[in-house]
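Engineer: Output the structure for:
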Amino acid sequence: MSSILYPVALDAASALAAPWGRAARLREAERVAGEAVSFVTHTLGPPYAARAAALDAFRGRVEDDRPGQALQIPPEDRYVRLVEKVATGHPPPPAIPVLKDGRRWPTPPPPPKTVWCLQVTYWRPVSAAPPLDDMQARKARIAAREALDPQTLRALTRQPLRAVRPQQPLDIGLFERRLPESPHIIVPDE
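Structural biologist: Predicted coordinates for the structure are as follows:
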């Protein structure tokens with residue numbers, strides 16, 4: 001079984017057009033990039049209202065299962081795929097049980113309008129990552145005094161969690177305790 005060879009590039013557009021190379025594993029990607037890399041997935045290009053239109057636009061890049069136009073992509077080139085997203089950006093809220101007239105659930109609302117987008121997965125050098133402030137999302141929202149745009153807030157929430165202040169080293173171990181009569185002495189606890 002062959003692995004997917006993901007491109008090594010600065011962004012999704014260059015991953016499709018002219019990557020530096022392709023790699024299946026982290027070490028190979030780091031060798032191609034010459035530095036540490038991260039595995040990222042980004043949406044690229046305009047959204048398409050119909051799946052058929054998206055398949056026609058990206059012919060040869062994604063698998064096509066339509067009758068008469070079937071196209072199968074080699075396994076090593078499957079780093080690109082079409083995804084369906086809600087056009088408004090927010091999925092509908094969950095249904096609340098009604099429990100009346102012998103029915104538990106209400107009649108479902110019409111499905112939300114969706115669009116089809118191209119999604120590219122690739123290796124990106126860590127140095128090429130977009131710079132983010134060192135501020136936590138909670139503090140950024142308070143400092144802004146207004147609603148942040150969704151992209152900025154999403155980027156802040158995807159950052160690694162950081163402590164408000166550095167954690168102090170533990171004075172004692174898990175199975176140790178201080179003597180009540182001499183708090184400066186630590187003894188093992190059973």
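
Engineer: Tell me which stretches of the chain form strands.
Structural biologist: With DSSP state E, the ranges of strands along the chain come out as 6-8, 21-23, 37-48, 80-86, 114-125, 176-178, 186-188.

Engineer: Point out the most buried one among those.
Structural biologist: Compared across the strands of the chain, strand 6-8 shows the largest average neighbour count, a mean of 25 (mean count of other C-beta atoms under 10 Å). Every C-beta, even on glycine, is put in place using the N, C-alpha and C of the backbone.

Engineer: So which helix or strand of the chain has the lowest pLDDT on average?
Structural biologist: Least confident helix or strand, the chain: helix 137-144 with a mean of 66, by mean pLDDT, DSSP states H and E.

Engineer: Could you dump the strands of the chain into TSV with mean pLDDT added?
Structural biologist: TSV is the format used below for these (pLDDT from 0 to 100):
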stretch	mean pLDDT
strand 6-8	94
strand 21-23	93
strand 37-48	90
strand 80-86	91
strand 114-125	93
strand 176-178	84
strand 186-188	85
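
Engineer: domains for this structure, by residue range?
Structural biologist: Structurally, the chain divides into domains by automatic domain parsing as follows: 1-129, 130-190.

Engineer: Check those for me and report the most buried one.
Structural biologist: domain 1-129 comes out most buried of these by mean count of other C-beta under 10 Å, with a mean of 14.

Engineer: Please verify my assumption that I4 contacts R81.
Structural biologist: No: using C-beta atoms under 8 Å as the test, I4 is too far from R81 to be in contact (10.7 Å).

Engineer: closest one to Q72 among the strands of the chain?
Structural biologist: strand 80-86 (13.5 Å; C-beta to C-beta).

Engineer: That closest one: how far from the chain's middle?
Structural biologist: 13 Å (C-alpha atoms, centre = their mean, to the nearest Å).

Engineer: in the protein, which spans are helices?
Structural biologist: Secondary structure of the chain, counting by DSSP state H: helices at 12-17, 26-33, 51-57, 137-144, 150-157.

Engineer: Roughly how far does P93 sit from D11?
Structural biologist: For P93, the distance to D11 (C-beta to C-beta, to the nearest Å) stands at 34 Å.

Engineer: hey, what's the residue nearest to the spatial centre of the chain bridged with?
Structural biologist: Centroid-nearest residue in the chain, with C-alpha atoms, centre = their mean: T41, separated by 6.6 Å. Judged by DSSP bridges, the bridge partners of T41 are T121.

Engineer: OK, contacts around the nearest residue to A13 once chain neighbours are set aside?
Structural biologist: The shortest distance from A13 to any non-neighbouring residue, by C-beta to C-beta, 6 or more residues apart in numbering, is to L44 (6.3 Å). Going by C-beta atoms under 8 Å, 6 or more residues apart in numbering, L44 touches 12-13, 16, 117-120.
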